[in-house]
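Novice: Give me coordinates for this.
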Amino acid sequence: MRMSNPMMSGHVLSWLQQAQERLFGTQAHAASGKRIMRPSDDPAGAARVSNLRSDFARNAQYLADIKTANFWLSGAETAIQSATDAVKQLRDLAVQGASMLQTDSGRQALAAAARQAYNRLVDVANEQLNGRYLFAGQASSVAPFVATGGTPPMAFVGSTVPPEINISPGITVAAGITGDRLFNMGGAVDPTQEDLFTVAERLATLLETGTGAEVSATIAALDFHYDNLLACRGDIGTRMQTCNMVADRLQGLQDGATAAISELEDADLSEVLVQLGQEQNAYQAAAGIAASLNQVSLMDYLW
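Specialist: Prediction:
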């Protein structure tokens, strides 16, 4: 059966279109540097890349949450250090006042310094970071400590439950410490001990009007609160260490996922360039055949 010119033209046109599509596809891979540009390029590889990207996005969110947790924990640690310094100052004032070798003006100066330290403690208790109260627990939008005008001088009205942040599957950290624990409000840490504000206010009063023995009696209470603040700060440090360890592990997973995605998705440039040359030659050959069929010869009329 003889193939007519129209039939041959149709076949050549089809070859030309296929060669053009392959050429354009290879050019796209070369330009993008990607081996997989759509699922049809490698269905199994594309599915694996999709799963890796999902894991990457999930771990990226955990890393962001860890950063948030460390932000709040770091803020709490700094505030606790300030409270610890204030308690140390109060103890030094108590030691000085206990000797009762001070003049009246000297005792007044010690009492004034004690009240300044007390005010620093109040400031720490209601310290804010980015508009949130650090020691209010989960009720972070409301100041956790209010003056009572009586005894005890301050009341804790915040939440006793700290805010929690999920930093990895199955791992949650408390992103702070509640004020009741920090200052032993209502005996939250030790029911036999008074809260820090009561102790600090009593010391300021005794430095003005009390005896050396009465002033000396506050030292043990201040030591308890100093140790409690150190313990709270240590707890904060442990949580930050946990966050950093989890972050290191997650970052390792991220690096591995990035490498795996690259291995699956990225094209071998030298291989693509060889294929590109082959596709260009095939396209040029098909184009040449198509052009020759468009030339009408004398023999076409004789048929």
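Novice: what's around Leu196, how many residues?
Specialist: 28 (other Cβ atoms under 10 Å). Yep, even glycine has a C-beta here, placed from its N, CA and C like the rest.
Novice: oh, I was asking about Ser262
Specialist: The local packing count at Ser262 equals 12, with neighbours defined by other Cβ under 10 Å.
Novice: try Asn70
Specialist: Here the number of neighbours of Asn70 (other Cβ under 10 Å) works out to 20.
Novice: Thr209 now?
Specialist: Applying other Cβ under 10 Å, we find 9 residues neighbouring Thr209.
Novice: and it, what is it in contact with?
Specialist: When contacts are counted by Cβ atoms under 8 Å, 6 or more residues apart in numbering, Thr209 touches no other residue.
Novice: again with Thr151
Specialist: With contact taken as Cβ under 8 Å, 6+ apart, Thr151 is in contact with Thr198.
Novice: Now Pro162: closest residue in space that isn't a chain neighbour?
Specialist: Excluding the flanking residues, the one nearest Pro162 by Cβ to Cβ, 6 or more residues apart in numbering is Ala174, at 4.0 Å.
Novice: my guess is the one you found meets Arg239, correct?
Specialist: Yes. Taking Cβ atoms under 8 Å as the definition, Ala174 is a contact partner of Arg239 at 6.7 Å.
Novice: So which of those two has more stuff around it?
Specialist: When neighbours are counted by other Cβ under 10 Å, Arg239 comes out ahead of the other of Ala174 and Arg239, with 24 against 18.
Novice: tell me which element the more buried one falls in.
Specialist: Using DSSP states H and E, Arg239 maps to helix 218-265.
Novice: What ranges does the stretch 51-200 of the chain have for its strands?
Specialist: Counting by DSSP state E, counting those that start in this stretch, one finds strands in the stretch 51-200 of the chain at the ranges 128-129, 132-133, 145-147, 154-156, 164-168, 171-174.
Novice: Switch these over to a markdown table; also include distance to Val95 and mean pLDDT.
Specialist: Formatted as a markdown table, the entries for those read as follows, by distance: least, Cβ to Cβ, whole Å; pLDDT from 0 to 100:
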| stretch | distance to Val95 | mean pLDDT |
| --- | --- | --- |
| strand 128-129 | 33 | 96 |
| strand 132-133 | 33 | 96 |
| strand 145-147 | 27 | 98 |
| strand 154-156 | 24 | 98 |
| strand 164-168 | 40 | 95 |
| strand 171-174 | 35 | 95 |
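Novice: Buried deepest among those, which one?
Specialist: Highest mean neighbour count among the strands of the stretch 51-200 of the chain (mean count of other Cβ atoms under 10 Å): strand 154-156, with a mean of 22.
Novice: Show me what it is packed against.
Specialist: Packed against strand 154-156 by the contact rule (3 or more Cβ pairs under 8 Å, 6 or more residues apart in numbering; DSSP states H and E) you find strand 145-147, helix 179-183.
Novice: what residues does it touch?
Specialist: Contacts of strand 154-156 from elsewhere in the structure, counted by Cβ under 8 Å, 6+ apart, are 122, 125, 144-148, 179-180, 183, 185-186, 195, 197.
Novice: so where is the stretch 201-303 of the chain shaky, pLDDT-wise?
Specialist: In the predicted model of the stretch 201-303 of the chain, residues 265-303 satisfy pLDDT under 70.
Novice: let's see 80
Specialist: For the stretch 201-303 of the chain, the stretches with pLDDT under 80 are 261-303.
Novice: about what we covered before: for the residue nearest to Pro162, name its beta-bridge partners.
Specialist: Taking DSSP bridges, one obtains Glu164 as the residues bridged to Ala174.
Novice: Distance check, Val161 against Gln138.
Specialist: Distance, Val161 to Gln138, by Cβ to Cβ, to the nearest Å: 5 Å.
Novice: who has more neighbours, these two?
Specialist: When Val161 and Gln138 are compared for neighbours, Gln138 comes out ahead with 14 against 11, by other Cβ under 10 Å.
Novice: So the more buried one sits against Pro162, correct?
Specialist: Yes. Counting by Cβ under 8 Å, Pro162 is a contact partner of Gln138 at 7.1 Å.
Novice: So Glu201 versus Val87, what's the distance?
Specialist: With distances taken as Cβ to Cβ, Glu201 is found 13 Å from Val87.
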